[in-house]
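1. with the sequence up front, the predicted model follows.
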Amino acid sequence: MSGSAPEFIPETTQDDPVQASNLDIQGRMHQISPVFSEAELRRLQRYGKVCRYADGATLFEAGSSSFGMLVILAGHVAVTRHEGLGRTSLMREIGPGHFIAEVAQLSGRPALVNGHAVGDVEVLVISSESLRALIVAEAEMGERIVRALILRRVALIEVNSGGPVLVGPRGNGNLFHLQSFLSSNGHPHTVLDPASDAAAAALAERYQPTPQEWPLVVCPDGKVMKNPGNAELGRCLGMLPDLSGDKIFDVLVVGAGPAGLATAVYAASEGLSVLALEQRAYGGQAGASARIENYLGFPTGISGRALAGRAYVQAQKFGVEIATPASAANLLCDSWPLRVTLCDGTQVRARTVVLSCGARYRRPSLANLKTYEGRGVYYWASPIEAKLCKQEEIILVGGGNSAGQAAVFLSGHAAKVHMVIRGEGLAASMSSYLIERIAATPNITLHTHTEIIALEGDEDGLTGARWRNKQTGEECDCAVRRVFLFVGADPNTDWLHDCAVAVDEQGFIRTGFDVTRAECRADGHGHTEYRADLPERAALETSVPGVFAIGDVRAGSTKRVAAAVGEGAAVVSQIHGFLARLPVNSA
């Protein structure tokens with residue numbers, strides 16, 4: 001089983017978004033597969049066009065056909081998926097009054113499955129753009145459709161259906177990385193072990209992968225790849241669209257964490273064209289939070305992945321284009337419109353750029369750290385990692401809120417959690433409610449004034465770690481197979497070197513008055529007196545006009561999810577102000 005399905009369920013559900021998958025598919029079938037009434041079918045007619053297909057005709061193909069929603073008016077449609085080696089399997093047959101769509105169709109991504117006519121079929125074809133218009137204009141019907149789309153994605157994850165098939169031996173590091181990438185993006189997939197599955201064994205026999213070529217990946221269109229990178233897999237699934245066109249976006253958001261997603265949702269809902277670039281998975285570092293309990297409006301808590309998953313669907317609902325994984329390599333601001341160059345050389349253009357690129361995980365100075373990443377060393381505590389450490393003894397390094405949330409979450413799966421910190425306690429860096437919960441959890445042991453100094457392992461992965469108490473000098477060897485690192489992060493600003501975006505001594509981006517104050521000092525005044533010759537800047541605008549910074553990457557920001565979301569919303573009004581001042585004949 002892959003991913004944590006309930007994290008995509010609408011907040012009206014009573015399911016716990018942090019615990020393991022427990023969606024009652026049969027009990028919620030009326031929501032997963034609603035039937036439109038005759039009156040609703042008539043209202044839907046103005047959003048699409050009627051098409052007719054003969055028995056056996058192909059309505060859509062996985063990986064190539066794009067549509068918003070197909071409403072069955074007459075006949076039946078058989079939905080199938082590719083299993084590899086040219087084989088397909090029937091998922092279900094859909095009849096009149098039902099509709100065919102999935103979350104991916106909100107943004108026009110290719111279908112994950114195939115559809116063929118069973119008998120003569122008549123369908124109402126609604127494009128992605130018209131589907132988004134329908135959801136906004138028809139509030140009650142739109143709510144039912146969005147809930148069904150989300151629950152269908154949950155069900156696909158729950159029953160390991162739809163999406164790519166990953167074939168690889170148990171414990172393979174490359175397999176784990178691809179699983180983590182897909183799960184973090186809420187994408188359904190199936191994992192098969194050739195040692196126990198006949199179909200997977202047959203696929204491996206045909207393609208004969210070397211140890212470095214595991215896993216094999218069967219794309220929805222039937223194409224088989226050997227150990228693809230995230231970008232290659234993203235293109236296979238339509239997560240990484242072709243951005244080589246000449247379109248100029250109103251807003252280009254770099255980073256789809258809570259701050260970036262908030263900007264995307266508010267900007268798109270107010271009519272601006274928005275492209276969001278995310279280098280790995282939406283939600284950013286907040287996605288690693290197992291349970292956020294002090295976020296306004298969620299008294300029982302919500303996981304970072306659940307919060308981000310809902311925001312992600314909202315962004316698609318309003319027409320935001322989201323590209324994952326898309327890594328920004330360069331910001332060019334010597335001409336206008338602004339340009340961002342991606343790592344693959346593609347350039348995208350925008351009237352404004354919002355930097356919500358957050359931070360990169362900090363890595364301790366351990367000689368063989370990279371060797372065990374994904375094979376015993378992790379920077380994330382999702383349900384996938386939790387299953388790996390079931391009833392094991394583990395080490396978790398870090399004393400911030402994310403570390404505390406991860407420790408509490410993993411303590412429900414691991415036999416014992418050794419929490420290792422360099423300081424004398426947690427009070428300086430962690431919320432008090434988490435400190436109290438850690439103290440009350442019997443299988444969490446806190447080791448203060450301690451740091452890991454060595455990792456040990458074999459060809460299968462990590463087998464142990466050694467830590468040292470800095471006060472006593474005592475060293476201890478611990479036989480563990482899982483080490484979780486939550487040791488902070490550095491600002492992700494290195495790629496801004498070709499644009500004069502001012503940063504502070506730690507590399508965080510200056511905005512608003514902080515930019516003005518720095519420019520006063522740069523001119524040799526040595527103080528922060530007001531200067532009339534400096535250009536007016538909005539509170540979240542950087543030293544470059546039209547470039548804004550929000551969230552963790554901004555100097556002086558409050559490192560809280562709620563603050564990031566607030567800045568993401570606030571920057572939109574400042575973007576409107578900037579765009580309003582542009583010349584009428586601007587590009």
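-> Thanks, I have the structure now.

2. any chance you could map the strands in the stretch 251-400 of the chain?
-> Counting by DSSP state E, counting those that start in this stretch, the stretch 251-400 of the chain has strands at residues 274-277, 321-323, 328-332, 338-342, 347-355, 359-361, 377-378, 393-397.

3. what packs against the longest one?
-> The reference is to strand 347-355. strand 248-254, strand 274-277, strand 338-342, strand 547-549, helix 561-580 (3 or more C-beta pairs under 8 Å, 6 or more residues apart in numbering; DSSP states H and E). Yep, even glycine has a C-beta here, placed from its N, CA and C like the rest.

4. rebuild these as TSV, extending it with mean neighbour count and mean pLDDT.
-> TSV is the format used below for these (neighbours: other C-beta atoms under 10 Å; pLDDT from 0 to 100):
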stretch	mean neighbour count	mean pLDDT
strand 248-254	24	98
strand 274-277	26	98
strand 338-342	21	97
strand 547-549	30	98
helix 561-580	20	96
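
5. got these as TSV, with distance to G473 columns?
-> Output for the helices and strands packed on strand 347-355, formatted as TSV (distance: least, C-beta to C-beta, whole Å):
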stretch	distance to G473
strand 248-254	45
strand 274-277	47
strand 338-342	48
strand 547-549	43
helix 561-580	39
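
6. nearest to G119, of these?
-> strand 274-277 (42.1 Å; C-beta to C-beta).

7. show me the residues around N330 that make contact.
-> V340, T341, W495, D498, C499 (C-beta atoms under 8 Å, 6 or more residues apart in numbering).

8. tell me what it is bridged to.
-> T341 (DSSP bridges).

9. any idea how far it lies from V348?
-> 11 Å (C-beta to C-beta, to the nearest Å).

10. what's the answer for G229, then?
-> In terms of C-beta to C-beta, G229 sits 20 Å off from V348.

11. ok, the two, which is more surrounded?
-> Taking G229 and V348 together and counting by other C-beta atoms under 10 Å, V348 has the greater number of neighbours (25 against 14).

12. shouldn't the more buried one be in contact with L252?
-> Yes: with contact defined as C-beta atoms under 8 Å, V348 counts as touching L252 (6.3 Å).

13. which residues do the two both contact?
-> L275, L277, V340.

14. turn those residues into TSV, columns for distance to S269.
-> Formatted as TSV, the shared contacts of V348 and L252 follow (distance: C-beta to C-beta, whole Å):
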residue	distance to S269
L275	15
L277	19
V340	23
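
15. between the residues you listed, which is nearest L455?
-> L277 (33.3 Å).

16. nearest spatial neighbour of the closest one, skipping sequence neighbours?
-> Closest residue to L277 apart from its sequence neighbours, by C-beta to C-beta, 6 or more residues apart in numbering: A326 at 4.3 Å.

17. how much space separates that neighbour from S402?
-> 24 Å.

18. go on, L307?
-> Separation of L307 from S402 (C-beta to C-beta): 14 Å.

19. ok, now I145?
-> In terms of C-beta to C-beta, I145 sits 35 Å off from S402.
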